[in-house]
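Asker: My questions concern the predicted model and sequence given below.
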Amino acid sequence: MSNTNENAKIIKNRETILEKWLLELNSHKLIGSGVFQEREVEEMGRKIFNAFLTMLKLNDEINWGSNDLVEIGQIVAEFSKKMATRGQTPTVATNFIYSLKSIVFESLQDYYSDSQELLNKEIIRISDVLDKIGLRSFDYFVQEREEIIKVQQEDMMELSTPVIKIWDGILAVPLIGTLDSKRTQLIMEKLLEMIVNTSSKVAIVDITGVGTVDTLVANHLIKTATATKLIGAEIIITGISPVIAQTIVHLGVDLSGMITRAIMEDGIKLAMEMCSYKVVKAINNI
């Protein structure tokens, strides 16, 4: 049921309410911290305020799946995305919306000065509408933050699996940190792609910076070596520490078919030999 008279009172005072709210928003640290410019805060405030007025007309008929709220849903989603991408918290985003309550309540005091019951009724109705907007914003915020985290994780994964061309026909993959199934799969895909693109004959996979190697990771390394041979290249595993060597033996993983060296320097020397390069120490005659 729509409360037309009450809505009319708020709409009549909308410019005053909006002006006071924008002043309230601008007094917060959204601008002081340099996150948003004043015009951005004003733009977001106006859009949320208009969405609030539209939803007041619907009252308890609010259904986010209805056609009436498609545009409002987009406004709230845009607001939440902007908050999330600027590094704000869900608390800041929801407080932005909820700060409108006190401004509207203050405006209603004059209309219901002789009826506390009607005032309380309106306060509950308006709170319910703003709560719905706030909760919807929170949902969008969480979705956006999860997407940001997912993209960041993918970027970090890409950065943590570099494939470097160190010489014509020779690639190197220096690994640091923990190796899991997803990361080792990505390493294999990137390495095979780089081998084909550069026509490389040897790839050095250095695991000096890897703390532990379990059965799954060892098997992935074996599969990577096998796949590499199928496209006409060889893999040299370097940096196997005594601890990792003992672990591999204890796990019963057979790496006898793979080429291994203790340190990357030895791996590079072997790779040069495999590619028919001869390393000669230069003698300074000066």
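Answerer: Great, that's in hand.

Asker: does residue 35 really touch residue 85, like I thought?
Answerer: No: because the distance of 10.5 Å does not satisfy Cβ atoms under 8 Å, residue 35 is recorded as not touching residue 85. Where you see a C-beta, it was placed from the backbone N, CA and C, and this is true even at glycine.

Asker: ok, the two, which is more surrounded?
Answerer: For residue 35 versus residue 85, the count of surrounding residues by other Cβ atoms under 10 Å is larger for residue 35: 16 against 12.

Asker: Can you show me the strands along the stretch 151-286 of the chain?
Answerer: 164-167, 170-177, 202-210, 234-238, 259-261 (DSSP state E, counting those that start in this stretch).

Asker: Just tell me which of the ones you listed ends up closest to residue 81.
Answerer: Among the strands of the stretch 151-286 of the chain, strand 170-177 comes nearest to residue 81, with 31.1 Å by Cβ to Cβ.

Asker: Put the alpha carbons of the closest one into PDB.
Answerer: Extracted as PDB, the C-alpha positions of strand 170-177 are listed here (Å, rounded to 0.1, in the frame of the first residue of the first chain):
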ATOM      1  CA  ILE A 170      66.700 -21.800 -23.800                       C
ATOM      2  CA  LEU A 171      63.900 -20.900 -21.400                       C
ATOM      3  CA  ALA A 172      63.900 -20.600 -17.600                       C
ATOM      4  CA  VAL A 173      61.100 -20.800 -15.100                       C
ATOM      5  CA  PRO A 174      62.200 -19.600 -11.700                       C
ATOM      6  CA  LEU A 175      59.500 -20.700  -9.100                       C
ATOM      7  CA  ILE A 176      59.100 -19.200  -5.600                       C
ATOM      8  CA  GLY A 177      56.600 -20.100  -2.900                       C
END
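
Asker: Now it: buried residues?
Answerer: By 16 or more other Cβ atoms under 10 Å, the buried positions in strand 170-177 come out as 170-175.

Asker: Make a markdown table out of those and add distance to residue 239.
Answerer: Listed next are the buried residues of strand 170-177 as a markdown table, based on distance: Cβ to Cβ, whole Å:
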| residue | distance to residue 239 |
| --- | --- |
| 170 | 16 |
| 171 | 15 |
| 172 | 11 |
| 173 | 11 |
| 174 | 9 |
| 175 | 8 |
